[in-house]
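Student: Here is my input; please provide its structure:
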Amino acid sequence: MESSQRGKQRLKGGSKETMEEVTNNTKDRITELPEGILHMILAFLEAKDAARTSSLSKRWESVWVSFPVLDFDETFWPSRKKFIDYVKNSLQQRSQVYIQKFKLCMKNLKPGKFKISSCIDSWIKFATKGNLEELAINMSANNDSIPLLHFEDKKCRFCYRLPQSIYRTESLTVLKLRRCKLVPSNEVKLPCLKTLSLEEIHAEDGIVQNLVSTSLLVETLILIRCSGLKDFYCSSSQLQTLIVEYLPELNKFDIETPNLQSFSVALYNDLFTKLFQINAARLKSLSLRCLTIAEEIFHGLISKLPLLENLKVVRCGLPRKLKLYKRKLTSLVVFKCKNLVELGIDAPKLILFNYTGQMLQISLMNTSCKLHVELHLKPIAVDSRWFSELREILGWFGHAQILTICCKAHKTERFIIPKELRESSVPPLLDLKHLQLLTSTESIMNYEELIDSLLWISPNIETLSIDMDSSCKTLKFQPKDLLGEWEE
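Tutor: Numbering: from 1, shown residues only. Have a look, this model is predicted:
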């Protein structure tokens, strides 16, 4: 009987002693885990949340002090002095700990009361005393308004001069720098380096190339808005990902990377054809942004990439007529490319086509039956010509598995086909089974007219869905009738 009553107490919530016992057992299960596992738990938390765990108990304080991952961000501190004191205290607590990852974000290097550069030097020296694997330094956290000025002033006070010791940190696998200065070094020993990311860096010509050429295991190279780079040559059998964006002083960029898988380039000028020589026959993903490319150059580049699977072209000056014949292409994104008026696609494995821009002539041939098309069409004027061109362009996607049309709610009139056109024309998508309209949460004008128009566009569809941001309404049709009901 007594055991039965205890059981009922547990079912009802239990006595105070029982709940405390459960709490203590739960606490013991966590705090008594091996230190390495607790470190893994901290690694999943934000830096400030991981630091707060030290106040939970003495056990957690011990775990925090031995945690080999340090992430310092000045933007969370009311003053630089308090931030410096916190960093110094954290490092002093880890005097016997070998740091694995060290991340530092600072607002800028404005002259002030503290000699911050010497402080950073000492912090990096501490971090590199053991087997440091990852180092990330960002000297413009939450302060992007500071102009770059292309680092013409070599005494630029907003850039941190990287110490020579970094070049000899043999255990380093990841090096990410933003708004720092790289100085020449006669000795570079980074045999384990796999990721090198340089953003808004000033480096004399040859320094970056020397870093890459001597670090034979580099797989990812990122160069964004770097000054000082003029003639760059990269030859690597290990490089798999290359991102290049706005190198203002660049004169030539040659890459011999037989195993390169992904290449993204953005120049914001017309010099792509003059600057870049690419030899990457195994490339699978190519992203071109803010470039002007002549037709023969574009086709010449694409023809050298027989394994290309993903192509993204964003805000580029393309030829008026463009034809793509790629047997392995699975994804194609074309976003606001001026001059383009005609696009021909022959890609039997294409399963995703995303187009944003003005109306154009599309010839879609020999694509996958699983094709998902997403259209963001922006007319110059909503008139009879627009609706005629809309009907024509939609007609190319009847064999697609899913067609998604995107527009803002107050502009859905773009897709309300006039009744006289519906009565005198054949619907463009007789074979389409799934039609989707993506719009915003704003109220849709002429809701019934919109649905009638969409049903005319695709009279044989099985599902019509209208997604309004977080909300989604789907109208499902029975195969033999037009009776359907909304599901939310």
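
Student: burial count for the closest residue in space to Lys304 that isn't next to it in sequence?
Tutor: Computed as Cβ to Cβ, 6 or more residues apart in numbering, the closest residue to Lys304 that is not its neighbour in sequence is Ala281, at 6.8 Å. Using the backbone N, CA and C atoms, a C-beta is placed for each residue, glycine as well. For Ala281, the neighbour count with other Cβ atoms under 10 Å is 13.

Student: my read: Ala281 touches Leu307, true?
Tutor: Yes: with contact defined as Cβ atoms under 8 Å, Ala281 and Leu307 form a contacting pair (7.4 Å).

Student: Run through the residues that contact Lys189.
Tutor: Tyr167, Arg168, Glu170, Thr214 (Cβ atoms under 8 Å, 6 or more residues apart in numbering).

Student: hmm, try it at 7 Å
Tutor: Contact analysis of Lys189 by Cβ atoms under 7 Å, 6 or more residues apart in numbering lists Tyr167, Arg168, Glu170.

Student: try Lys181
Tutor: Lys181 neighbours (Cβ under 7 Å, 6+ apart): Cys159, Tyr160, Arg161, Leu162, His202.

Student: For the residue nearest to Lys304, what are phi and psi?
Tutor: Dihedral pair for Ala281: phi -70, psi -20, per degrees, to the nearest 10.

Student: And Arg391, by the same measure?
Tutor: With angles defined as degrees, to the nearest 10, Arg391 sits at phi -60, psi -40.

Student: neighbours around it, how many?
Tutor: Arg391 has 18 nearby residues by other Cβ under 10 Å.

Student: out of everything not next to it in sequence, what's closest to it?
Tutor: Closest residue to Arg391 apart from its sequence neighbours, by Cβ to Cβ, 6+ apart: Pro428 at 4.9 Å.

Student: ok, now Cys192?
Tutor: Spatial nearest neighbour of Cys192, chain neighbours left out: Thr173 (5.1 Å); criterion: Cβ to Cβ, 6+ apart.

Student: same check, this time on Val183
Tutor: Sequence neighbours aside, Arg161 is the residue nearest to Val183 in space, at 6.3 Å (criterion: Cβ to Cβ, 6+ apart).

Student: what residues are up against Cys192?
Tutor: Contacts for Cys192 (Cβ under 7 Å, 6+ apart) come out as Glu170, Ser171, Leu172, Thr173, Leu217.

Student: among the residues you listed, who's most crowded?
Tutor: Neighbour tally across the contacts of Cys192 (other Cβ under 10 Å): the maximum, 24 neighbours, falls on Leu172.

Student: thinking again about what came up before, would you check how far apart the residue nearest to Cys192 and Thr214 are?
Tutor: Here the criterion is Cβ to Cβ, to the nearest Å. By it, Thr173 lies 15 Å from Thr214.

Student: can you check Pro68 too?
Tutor: As judged by Cβ to Cβ, Pro68 and Thr214 stand 27 Å apart.
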